[in-house]
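>>> Test case, fold it:
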Amino acid sequence: MIRSILFDMDGVLIDAKDWHFEALNRALALFGATIDRQAHLSTFDGRPTRDKLSILSQTQGLPKGLHGLINDLKQDYTLELIYARCRPVFAHRDALRRLKADGYRIAVCSNSIRATVETMMRQAALAPYLDLMLSNEDVARAKPDPEMYLTAMSRLGCEASQCLIVEDNDHGIQAARASGAHVMIAACVDDVVYDRVKAEIARAEAAAQ
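Below you'll find the predicted structure:
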């Protein structure tokens, strides 16, 4: 039986993929380096900022000494966008409220930093329904490594077979599958509604019988 539902955040509960793209490019532009949209989608989407900067150092020669400053600027710009754009979405509040009422334990597991996760969840009015929030600061290895999902399972006291993970991008899906949990792939935030999640739970439970 599924006992816990672990949600990715960006692209799943919050339509924020472009916010991270915009914030990082705003910071990078100060130093003459940017990421085009295709590279963002194919290479950088879903990765922590520190990993993105390491890739840019390897591919574009971005000085490693700038990583700390660019990372700090990126996080500041991201928070600006969150406060300007992040608002409650009825379908997501309804889904988490009903899933919580059904007795499931609910977590958000994101490659974003803790301040971003907590702020987005507050702004989206989803924090009251969560039993756990994990960020890239809570693990040694961010997605695509499964550590974040395995950590969530451990803290929630459930086995992989008892978890449904909702993910949207390749790195997150890789992490989810490597954890051994059941996986729901969301094409966009509009897929994350109560009936769809419940249907995935029913499918997972039927397959396990």
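>>> which residues in this structure form strands?
Counting by DSSP state E, the chain forms strands over residues 4-7, 105-109, 132-134, 163-167, 182-185, given from the N-terminal end onward.
>>> could you redo those strands as CSV and give each row mean neighbour count, mean pLDDT and distance to residue 93?
All C-beta spots, glycine's among them, are computed from the backbone N, C-alpha and C. Compiled in CSV, those are given as follows (neighbours: other CB atoms under 10 Å; pLDDT from 0 to 100; distance: least, CB to CB, whole Å):
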stretch, mean neighbour count, mean pLDDT, distance to residue 93
strand 4-7, 26, 98, 13
strand 105-109, 24, 98, 12
strand 132-134, 19, 98, 16
strand 163-167, 26, 98, 15
strand 182-185, 20, 98, 19
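>>> Make a markdown table from those strands and add distance to residue 92 to it.
Formatted as a markdown table, the entries for those read as follows, by distance: least, CB to CB, whole Å:
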| stretch | distance to residue 92 |
| --- | --- |
| strand 4-7 | 9 |
| strand 105-109 | 11 |
| strand 132-134 | 15 |
| strand 163-167 | 11 |
| strand 182-185 | 14 |
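>>> Tell me which of these lies nearest to residue 50.
When the strands of the chain are ranked by distance to residue 50, counting by CB to CB, first place goes to strand 132-134 at 16.5 Å.
>>> And the contacts of the closest one?
Strand 132-134 is contacted from outside by 105-110, 114, 117-118, 121, 127, 148, 151-152, 155-156, using CB atoms under 8 Å, 6 or more residues apart in numbering.
>>> repeat that for 6 Å
With contact meaning CB atoms under 6 Å, 6 or more residues apart in numbering, strand 132-134 is reached by 107, 108, 109, 117, 148, 152, 155.
>>> per-residue confidence for residue 33?
We have a pLDDT of 86 for residue 33.
>>> Count the residues that sit near it.
By the other CB atoms under 10 Å criterion, the neighbourhood of residue 33 contains 20 residues.
>>> which residues sit in contact with it?
For residue 33, the set of contacting residues under the criterion of CB under 6 Å, 6+ apart consists of 60, 62.
>>> what do you get if the cut-off is 7 Å, keeping everything else the same?
For residue 33, the residues meeting the contact criterion (CB atoms under 7 Å, 6 or more residues apart in numbering) are 56, 60, 62.
>>> Not including adjacent chain positions, what is the nearest residue to the first one?
The shortest distance from residue 56 to any residue other than its chain neighbours is 4.2 Å, reached at residue 62 (CB to CB, 6 or more residues apart in numbering).
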